[in-house]
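1. this one's sequence-less:
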């Protein structure tokens, strides 16, 4: 037998010994993986899926009351149906539970309970829905402004503008941001926002005309004309 063959045999023997030694550990590891995967699939099928369906059914009544502007019923519930607050807690792992945060947050805002509005709107995840996501951010801004926390409110208005630019919500959120800039006497920042909005092709043309009026008013308050932001 050559040295080369001897080395190969030694290698194979060592491999067999290693596998034998580790066999139990390998079996346990594979078994553990199977148990985890099986548990996950069982959870999805037997728990989460029925919970998703159930949560959508209980949320339907909340949505009806929300459409009717019955905001107190949305957050407090009534005999026979769960409130958005309850759904948010009991079905937190579901889409309906997440959406309940939005209904609760907006309802609390309408009821003047601003801390609760902020709490639930911050828990809401828009899951990539740009329009609803921007609206939720702006409503958080509204709640802070109502609490006279203008700097924090402005932060969320700016986030709403950055999150999505469109013909429907951009003018609303921009007006709110500009009004807070004026309240804080941050005129240069307001002018920079106007310039940014004018250059954005998604800003509606009629709103750009309104921005000219804002610019004139702000420049008058600021005591000077700023040619750098006067171009459309």
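-> On my side now, so go ahead. The structure displayed is predicted, hence computed values, not measured ones.
2. for residue 149, phi and psi?
-> Main-chain dihedrals, residue 149, degrees, to the nearest 10: phi -100, psi 80.
3. er, residue 91 actually
-> Dihedral angles of residue 91 (phi, psi; degrees, to the nearest 10) stand at phi -130, psi 40.
4. I figured it hits residue 100, correct?
-> Yes - if you go by Cβ atoms under 8 Å, residue 91 and residue 100 touch, sitting 7.2 Å apart. Bear in mind the C-beta positions are built from the backbone N, C-alpha and C, glycine included.
5. looking at these two, which one has more neighbours?
-> A count of neighbours by other Cβ atoms under 10 Å puts residue 100 above the other of residue 91 and residue 100, at 32 against 22.
6. now do that one, the pLDDT please.
-> At residue 100, the model reports a pLDDT of 96.
7. and it, how far is that from residue 135?
-> Computed as Cβ to Cβ, to the nearest Å, the residue 100 to residue 135 distance reads 16 Å.
8. ditto for residue 105
-> 11 Å.
9. which strand or helix spans the nearest residue to residue 71 once chain neighbours are set aside?
-> Closest residue in space to residue 71, ignoring its immediate chain neighbours: residue 107 at 3.8 Å, by Cβ to Cβ, 6 or more residues apart in numbering. If you go by DSSP states H and E, residue 107 is part of helix 95-111.
10. what helices and strands are in contact with that helix?
-> For helix 95-111, the contact count by 3 or more Cβ pairs under 8 Å, 6 or more residues apart in numbering; DSSP states H and E identifies helix 49-67, helix 71-76, helix 84-90, helix 114-123, helix 130-146 as packing neighbours.
11. ok, which of the ones you listed comes nearest residue 190?
-> helix 130-146 (15.5 Å; Cβ to Cβ).
12. what residues are up against the residue nearest to residue 71?
-> The contact partners of residue 107, by Cβ atoms under 8 Å, 6 or more residues apart in numbering, come to 66, 71, 72, 74, 75, 84.
13. residue 222 against residue 188, yeah?
-> Yes - contact criterion Cβ under 8 Å: residue 222 and residue 188 qualify, at 7.3 Å.
14. from residue 164, how far off is residue 154?
-> For residue 154, the distance to residue 164 - Cβ to Cβ - is 17 Å.
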